[in-house]
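Asks: sharing a sequence plus its predicted fold:
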Amino acid sequence: MSKKIPSPTTAKHQKPGRLALVKFVHEDGEEYRTMREEEIEAMQNELVPVFKNGEILLEQTFAENTRKSKEIKRKKTAGELS
């Protein structure tokens, strides 16, 4: 039986507390970073609530999610996102 060995990279560490996804725009593209919600100050959280207290707040079809995914992939390929 093989033993699990933790990854030595810092990218794999868990972040405690509530998280936010923040977009940073640079001259050579855009970058998204995960930060703790209390650290973002005036920056906009790109995460959108979908469920709250067992209720659906936002309904999206599979087609809408696929379209958004393809748009992000296109932007990355075109160098618009990092």
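Replies: Looks like it arrived, so ask away.

Asks: check which helix or strand the most centrally placed residue in the chain maps to.
Replies: Nearest to the centroid of the C-alpha atoms of the chain, with distances taken as CA atoms, centre = their mean, sits L21, at 5.0 Å. In this assignment (DSSP states H and E), L21 forms part of strand 19-26.

Asks: contact partners of the helix or strand following that strand?
Replies: For strand 19-26, the succeeding helix or strand toward the C-terminus, using DSSP H and E, is strand 29-36. If you take CB atoms under 8 Å, 6 or more residues apart in numbering as the criterion, strand 29-36 is touched by 15-24, 46, 75, 79-82. All C-beta spots, glycine's among them, are computed from the backbone N, C-alpha and C.

Asks: shaky segments in the chain?
Replies: Under the criterion of pLDDT under 70, the regions of the chain flagged as low confidence span 1-13, 15, 81-82.

Asks: okay, now the domains of it?
Replies: Split into domains by automatic domain parsing, the chain comes to 14-47, 49-82.

Asks: buried sites along the last one?
Replies: Residues of domain 49-82 classed as buried by neighbour count (16 or more other CB atoms under 10 Å): none.

Asks: ditto for the first one
Replies: Within domain 14-47, the residues that qualify as buried are A20, V22, counting by 16+ other CB under 10 Å.

Asks: mind listing the helices for this protein?
Replies: Along the chain, counting by DSSP state H, helices occupy 62-77.

Asks: tell me which residues touch I40, please.
Replies: Each residue near I40 by CB under 8 Å, 6+ apart is listed here: A20, V22.

Asks: that one and G17: what is the separation?
Replies: Counting by CB to CB, to the nearest Å, the gap between I40 and G17 amounts to 12 Å.

Asks: picking up where we left off before, each with direction, which strands does the strand holding L21 pair with?
Replies: Strand pairing for strand 19-26, determined by DSSP bridges: strand 29-36 (antiparallel).

Asks: now, which of the contacts of strand 29-36 sits nearest G54?
Replies: When those are compared for distance to G54, the smallest value, 18.5 Å, is given by R18; criterion: CB to CB.
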